[in-house]
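Engineer: For reference, the sequence and a predicted model appear below.
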Protein chains: 2
Amino acid sequence: MQTTRVAPRQRLSPEARERQIVDGAIAFFAEVGLAGQTRELAQRLGVTQPLIYRYFPTKQDLIDRVYEEVFVGRWRAEWTDLIGERARPLRDRLIAFYRIYARDVLTYDWIRIYMFAGLAGEDINRRYIALLEDQLLVPIAREVRAAAGAPALSETPVSGLEIEAAWHIHAAVFYYFVRKHIYRAKTEPDLNAFIEDAVDRTLDGALAVTRRGGVAG
Amino acid sequence: MQTTRVAPRQRLSPEARERQIVDGAIAFFAEVGLAGQTRELAQRLGVTQPLIYRYFPTKQDLIDRVYEEVFVGRWRAEWTDLIGERARPLRDRLIAFYRIYARDVLTYDWIRIYMFAGLAGEDINRRYIALLEDQLLVPIAREVRAAAGAPALSETPVSGLEIEAAWHIHAAVFYYFVRKHIYRAKTEPDLNAFIEDAVDRTLDGALAVTRRGGVAG
DNA sequence: GCTGTTATTGATCGTTTGATAAATGGTGCG
DNA sequence: CGCACCATTTATCAAACGATCAATAACAGC
């Protein structure tokens, strides 16, 4: 009554097997956390546990690979350009961006592993935040100023509270997926409507405060 | 060179010892996660590991106690009343509420254990969200409608997107503390200024969209 | 088909970790 | 001072878990 041998030994090319292990590890660690056991991962993959150690010397190496696979290279430089395309209304740019960002980044795997990593004290999150501030939030703050008609574009640097305002827009979308994928709570089912509405409300607020002279922090 | 006996055996009353263990467990699990080892917890408490098992039959019992201690009874019914006090401007009510909520609820221990529990699949988060929607978000949505001059108070029920709009306000504050306590990232240092600004921006947005007739979802 | 290479498995090791039981010692009461 | 109670510790177990190594079998080349 042990492991009932259902499938015969399947021999794959090292590349294919590694791919399979990494993909399986992403799904597995996203679900149960980075403390998940290698034996259970192996069982889900339909292989034995020592096989994992042929491809990754230690569990930490596998986890590092998962981090790399999930986080590195997901950000697209063109998204920064999209935010700055002043030919379109800022509202449209933000809606377009968050539709793509929700589809390509804020997935079940990404958001859970991201939160597990944060709680584990990894610096991945801080590095990602630095990237976001530089490539997304400062550009958004700049566009909000321009759209609000606040002039001091190159004079006054973007203030802390202006970046926080850009965070509000981001937080609205991000937190939606936290509720959905981490708390597994009921959320607005129409994602497109949600994003449109979220951008409308948070952008309106950012514009209104900026117009009232809230540029200085 | 083992555990250098620094303090002699200290005998406490069961009540005092239990209190100490629970408090220590909250701080410990908040920091390292619910998978933290009982031996390490005991070491931090300055007692031996089996002592914990005299007070809590299993580790899960201790964790359940931590949940109870951290989550149960933190919400104050009077906060719902505060949201509805129409003698004051809604802005002031929200700022007052989030100052208290940030101080009393969104602490390091609370937000980390809350996120650990969510990732572990506990239903605590869903139950807390249900409480929040009922006691905070629906009241906020109601007040936003009233403040925006949208009439259909008792007629049209609060829509999904209106609740999401209330979530935007909440998410702005909540996410600030996620960045601070989970990612350990740099955040706006002036909490009062942040809360004021966050309420201004997110409330402005909620009002603007509601005024434009965005009541129906 | 035979054979060498190597992907994969079975068996197992050492440590970690939740949990238990017996020994120890502090405290209050007579 | 002596004794009983019980809070606390020491010692230890069994399962879980990361990791290792020799044995096995799938596939390629001849």
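Structural biologist: Received, thanks. Numbers count the residues shown, from 1 in each chain, chains lettered A, B, ... in the order given.

Engineer: Okay, and A:F116 sits in which element?
Structural biologist: Assigned by DSSP states H and E, A:F116 falls within helix A:108-119.

Engineer: Wondering if that helix reaches chain B at all.
Structural biologist: Yes: residues of helix A:108-119 are located near chain B by C-beta under 8 Å from any C-beta of the partner chain, namely A:R112, A:M115, A:F116, A:G118, A:L119. To be clear about C-beta, it is placed using only N, CA and C from the backbone, and glycine gets the same treatment.

Engineer: same for the helix or strand following that helix, what does it pack against?
Structural biologist: As assigned by DSSP H and E, the chain's next helix or strand after helix A:108-119 is helix A:124-132. Identification of packing neighbours for helix A:124-132 by 3 or more C-beta pairs under 8 Å, 6 or more residues apart in numbering or on different chains; DSSP states H and E yields helix A:59-71, helix A:108-119.

Engineer: if you set the cut-off to 6 Å instead, what comes out?
Structural biologist: On a contact count with 3 or more C-beta pairs under 6 Å, 6 or more residues apart in numbering or on different chains; DSSP states H and E, helix A:124-132 meets no helix or strand.

Engineer: avg pLDDT for that helix?
Structural biologist: In this model, helix A:124-132 carries a mean pLDDT of 97.

Engineer: Can you pull out the low-pLDDT segments for chain A?
Structural biologist: Residue ranges of chain A with pLDDT under 70: A:1-6, A:151-155, A:213-217.

Engineer: Same question for the lengthiest helix in it: list its buried residues.
Structural biologist: Under DSSP state H, the helix in chain A containing the largest number of residues is helix A:191-211. Counting neighbours by 16 or more other C-beta atoms under 10 Å in any protein chain shown, one finds that the buried residues in helix A:191-211 are A:191, A:194-211.

Engineer: report the angle between the axes of it and helix B:191-211?
Structural biologist: Angle, helix A:191-211 to helix B:191-211, by axes from the mean of the first three to the mean of the last three C-alpha atoms, to 10 degrees: 120 degrees.

Engineer: Show me what the helix holding A:F116 is packed against.
Structural biologist: helix A:14-32.

Engineer: Could you confirm whether the helix it packs on reaches chain B?
Structural biologist: No: judged by C-beta under 6 Å from any C-beta of the partner chain, helix A:14-32 and chain B are separated, with a smallest distance of 9.0 Å.

Engineer: Need the contact partners of that helix.
Structural biologist: For helix A:14-32, contacts defined as C-beta atoms under 6 Å, 6 or more residues apart in numbering or on different chains pick out A:G36, A:L41, A:R44, A:L45, A:Y55, A:L62, A:R65, A:V66, A:E69, A:D109, A:R112, A:I113.

Engineer: Any of those residues buried? List them.
Structural biologist: Those of those that meet the buried threshold are A:G36, A:L41, A:L45, A:Y55, A:L62, A:R65, A:V66, A:E69, A:D109, A:R112, A:I113, by 16+ other C-beta under 10 Å.

Engineer: from those residues, which is closest to DNA strand C?
Structural biologist: A:Y55 (7.5 Å; C-beta to the nearest atom of the strand).

Engineer: so who does the closest one touch?
Structural biologist: Listed by C-beta under 6 Å, 6+ apart, the contact set of A:Y55 reads A:E18, A:I21.

Engineer: Would you mind measuring from it to A:A7?
Structural biologist: 19 Å (C-beta to C-beta, to the nearest Å).

Engineer: likewise A:G36?
Structural biologist: 23 Å.

Engineer: Keeping just the C-alphas, turn stretch A:43-60 into PDB.
Structural biologist: C-alpha atoms of stretch A:43-60 as PDB (Å, rounded to 0.1, in the frame of the first residue of the first chain):
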ATOM      1  CA  GLN A  43       4.800  13.600  -5.800                       C
ATOM      2  CA  ARG A  44       2.900  16.300  -7.700                       C
ATOM      3  CA  LEU A  45       5.400  16.100 -10.500                       C
ATOM      4  CA  GLY A  46       5.100  12.400 -10.600                       C
ATOM      5  CA  VAL A  47       8.800  11.800  -9.900                       C
ATOM      6  CA  THR A  48      10.800  10.900  -6.900                       C
ATOM      7  CA  GLN A  49      12.200  13.400  -4.500                       C
ATOM      8  CA  PRO A  50      16.000  12.700  -5.100                       C
ATOM      9  CA  LEU A  51      15.500  13.600  -8.800                       C
ATOM     10  CA  ILE A  52      14.900  17.200  -7.800                       C
ATOM     11  CA  TYR A  53      18.300  17.200  -6.100                       C
ATOM     12  CA  ARG A  54      19.900  16.200  -9.400                       C
ATOM     13  CA  TYR A  55      18.700  19.400 -10.900                       C
ATOM     14  CA  PHE A  56      19.000  21.700  -7.900                       C
ATOM     15  CA  PRO A  57      21.700  21.000  -5.300                       C
ATOM     16  CA  THR A  58      19.700  22.500  -2.500                       C
ATOM     17  CA  LYS A  59      16.100  23.500  -1.900                       C
ATOM     18  CA  GLN A  60      17.200  27.100  -1.600                       C
END
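
Engineer: how far is the helix holding A:F116 from where the chain is centred?
Structural biologist: Its chain's average C-alpha position is 8 Å from that of helix A:108-119, according to C-alpha atoms, centre = their mean, to the nearest Å.

Engineer: And stretch A:102-109, by the same measure?
Structural biologist: Taking C-alpha atoms, centre = their mean, one finds the center of stretch A:102-109 at 6 Å from the center of the full chain.

Engineer: and what of stretch A:139-149?
Structural biologist: Centroid separation between stretch A:139-149 and its chain, computed with C-alpha atoms, centre = their mean, is 24 Å.

Engineer: cool, stretch A:193-207 as well?
Structural biologist: 20 Å.

Engineer: What of stretch A:150-167?
Structural biologist: Offset of stretch A:150-167 from its chain centre (C-alpha atoms, centre = their mean): 24 Å.

Engineer: same check, this time on stretch A:170-180
Structural biologist: 10 Å.

Engineer: cool, stretch A:40-52 as well?
Structural biologist: Distance of stretch A:40-52 from the chain centroid (C-alpha atoms, centre = their mean) equals 28 Å.
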